[in-house]
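**Q** Sequence first, then the predicted structure, then my questions.
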Amino acid sequence: MTTSSIAFVSSDAPGSRESAALLAALYGQEAVEDAETIVALGGDGFMLQTLHRFMNTGKRIYGMNRGSVGFLMNDFREEELRERLEAAVPETIRPLRMKAENMDGKVTEALAINEVSLFRQSYQAAKIGIHVDGQEQLSELICDGIMLATPAGSTAYNLSAQGPIIPIDAPLLALTPVSPFRPRRWRGALLPNQVSVRFTVQEPIKRPVNAVADHTEVKSVRRIDIAEARDTTATILFDASHSWDDRILAEQFRY
């Protein structure tokens, strides 16, 4: 790997592919296995896929927004890309590891950069028990769902469910219910990122629940164990003029 080597990858959207081809013509296109920096063209969803793809490779991922929201992305500009990459601020992301057991006893493992979430599968509300580090914290949460979100994911679905925004370097996870019915006033919790969390689905036949870790979905689960994957990292780059901390601060004052 050379320090200046760049590989461009893009989503399937025509605008993203055109932008990747243009930048490759301007700056050269290294093979992805040899590049130090991966420039991802697309939206937040494609950025998540790219971070998963290059987890634990040591490659730096720099996103350029060709989608809609683009919270994980930098603004798209053709000019001075190498200078922007040299000045970019790196952030280390540690995903969550989900182990979900379905009704047949099959265990599925998956990583989540944003969140692990549970959703009711039918018209019946879900009933979920919550244990933190082996201790029962809620014997029965009646809800549409619940999630455990990382700082990176705290501005995504977690925020839409009224969960807290977490600075990227805060050693915290957001435990956030979705439409809680009982306990009616429970709005979730902030947990240290060193804990392990277990969700136990109650009445799983009558009230089936699915579990999702980013893009991996497991249907009809009965038990889900989640902990930070401390041996797994990805590096994301942000323009120095608009760092992740700046975005987090600005997001908290939106209304």
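**A** Perfect, I can see it now. Numbers count the residues shown, from 1 in each chain.

**Q** tell me the contacts of the residue nearest to residue 133 when sequence neighbours are not counted?
**A** Excluding the flanking residues, the one nearest residue 133 by C-beta to C-beta, 6 or more residues apart in numbering is residue 195, at 5.2 Å. For glycine as for every other residue, the C-beta is placed from the backbone atoms N, C-alpha and C. Shown in contact with residue 195 (C-beta atoms under 8 Å, 6 or more residues apart in numbering): 132, 133, 173, 227.

**Q** List the contacts of the last one.
**A** Residues in contact with residue 227 (C-beta under 8 Å, 6+ apart) are 96, 97, 195, 196, 197.

**Q** Now for the nearest residue to the first one once chain neighbours are set aside: which residues touch it?
**A** So that's residue 96. Spatial nearest neighbour of residue 96, chain neighbours left out: residue 112 (4.5 Å); criterion: C-beta to C-beta, 6+ apart. Residue 112 is in contact with 95, 96, 97, 98, 150, 153, 213, 214, 216, counting by C-beta under 8 Å, 6+ apart.

**Q** which ones among the residues you listed are found in strands?
**A** Of the contacts of residue 112, the ones assigned to strands by DSSP state E are 96, 97, 98, 213, 216.

**Q** Output those residues in JSON lines; the columns should cover pLDDT.
**A** Below are those laid out as JSON lines (pLDDT from 0 to 100):
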{"residue": "96", "pLDDT": "98"}
{"residue": "97", "pLDDT": "98"}
{"residue": "98", "pLDDT": "98"}
{"residue": "213", "pLDDT": "97"}
{"residue": "216", "pLDDT": "95"}
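
**Q** And these, which is closest to residue 46?
**A** Checking those against residue 46 with C-beta to C-beta, the nearest one is residue 216 at 16.3 Å.

**Q** Quick check on the closest residue to that closest one other than its chain neighbours: phi, psi?
**A** Once flanking residues are discounted, residue 216 sits nearest to residue 110: 3.8 Å by C-beta to C-beta, 6+ apart. As for residue 110, its main-chain torsions (degrees, to the nearest 10) stand at phi -160, psi 150.
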